[in-house]
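>>> Build me a structure from this.
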Amino acid sequence: MPLIDMPTYLDYLLRRLRDAGGAVERRRLASLADAGPASLIVNCSGLGARDLVPDPELRPIRGQHVVVTNRG
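From the prediction side, this is the model:
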(Lines give C-alpha, C1' and ligand atoms only; values in the text may rest on other atoms or scores of the structure.)
Protein backbone atom coordinates (compact mmCIF):
# COMPACT_ATOMS: atom_id res chain seq x y z
CA MET A 1 0.00 0.00 0.00
CA PRO A 2 1.43 3.42 -0.94
CA LEU A 3 2.01 5.66 2.05
CA ILE A 4 2.46 9.41 2.32
CA ASP A 5 4.69 10.95 5.00
CA MET A 6 2.40 13.90 5.71
CA PRO A 7 4.96 16.27 7.31
CA THR A 8 7.25 15.78 4.28
CA TYR A 9 4.36 16.18 1.83
CA LEU A 10 3.07 19.32 3.57
CA ASP A 11 6.58 20.83 3.50
CA TYR A 12 6.68 20.11 -0.24
CA LEU A 13 3.29 21.80 -0.75
CA LEU A 14 4.42 24.81 1.30
CA ARG A 15 7.55 25.17 -0.85
CA ARG A 16 5.41 25.04 -4.02
CA LEU A 17 3.08 27.69 -2.61
CA ARG A 18 5.94 30.01 -1.73
CA ASP A 19 7.69 29.41 -5.08
CA ALA A 20 4.44 30.45 -6.79
CA GLY A 21 4.37 33.71 -4.81
CA GLY A 22 1.88 32.61 -2.16
CA ALA A 23 2.10 33.24 1.55
CA VAL A 24 0.83 31.62 4.73
CA GLU A 25 -0.53 33.80 7.50
CA ARG A 26 -1.38 32.39 10.92
CA ARG A 27 -3.61 34.26 13.32
CA ARG A 28 -6.52 33.77 15.68
CA LEU A 29 -9.97 34.54 14.29
CA ALA A 30 -13.34 34.79 15.99
CA SER A 31 -15.11 34.26 12.64
CA LEU A 32 -14.23 33.82 8.98
CA ALA A 33 -15.32 37.42 8.43
CA ASP A 34 -12.28 38.47 10.51
CA ALA A 35 -9.99 36.99 7.83
CA GLY A 36 -10.53 40.11 5.74
CA PRO A 37 -10.53 40.42 1.96
CA ALA A 38 -8.45 37.87 0.07
CA SER A 39 -8.59 36.15 -3.30
CA LEU A 40 -8.42 32.77 -1.54
CA ILE A 41 -8.73 31.58 2.05
CA VAL A 42 -7.95 27.99 3.01
CA ASN A 43 -9.61 27.01 6.26
CA CYS A 44 -7.21 24.70 8.13
CA SER A 45 -8.78 25.16 11.52
CA GLY A 46 -9.57 21.48 12.08
CA LEU A 47 -11.95 21.02 14.98
CA GLY A 48 -11.69 24.74 15.63
CA ALA A 49 -14.00 25.15 12.62
CA ARG A 50 -16.83 23.96 14.86
CA ASP A 51 -16.79 27.39 16.52
CA LEU A 52 -15.32 29.43 13.67
CA VAL A 53 -17.98 28.71 11.04
CA PRO A 54 -20.07 27.81 13.33
CA ASP A 55 -20.95 24.17 12.60
CA PRO A 56 -21.92 22.13 15.67
CA GLU A 57 -22.32 19.04 13.44
CA LEU A 58 -18.59 18.92 12.70
CA ARG A 59 -17.06 15.62 13.83
CA PRO A 60 -13.39 14.58 14.00
CA ILE A 61 -12.01 11.97 11.62
CA ARG A 62 -8.56 10.43 11.43
CA GLY A 63 -6.10 10.84 8.59
CA GLN A 64 -5.59 12.81 5.42
CA HIS A 65 -6.55 12.00 1.86
CA VAL A 66 -4.05 12.43 -0.97
CA VAL A 67 -4.90 11.52 -4.59
CA VAL A 68 -1.92 10.46 -6.72
CA THR A 69 -1.45 9.04 -10.20
CA ASN A 70 -1.06 5.26 -10.43
CA ARG A 71 2.21 4.80 -12.31
CA GLY A 72 1.99 0.99 -12.19
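
>>> Lowest mean pLDDT among the helices and strands, pick that one out for the chain.
helix 49-52 (a mean of 81; mean pLDDT, DSSP states H and E).

>>> just how off-centre is that helix within its chain?
In this view, helix 49-52 has its centroid 14 Å away from the chain centroid, taken as CA atoms, centre = their mean, to the nearest Å.

>>> what does stretch 47-61 give?
The answer for stretch 47-61 is 14 Å, by CA atoms, centre = their mean.

>>> again, but for stretch 4-17
Put simply, stretch 4-17 sits 11 Å off its chain's centre (CA atoms, centre = their mean).

>>> same question for it, mean pLDDT?
Regarding stretch 4-17, the rounded mean pLDDT is 87.

>>> ok, Arg71 to Met6 distance?
Counting by CB to CB, to the nearest Å, the gap between Arg71 and Met6 amounts to 20 Å. Just so you know, the C-beta spots here come from the backbone N, C-alpha and C atoms, and that holds for glycine as well.
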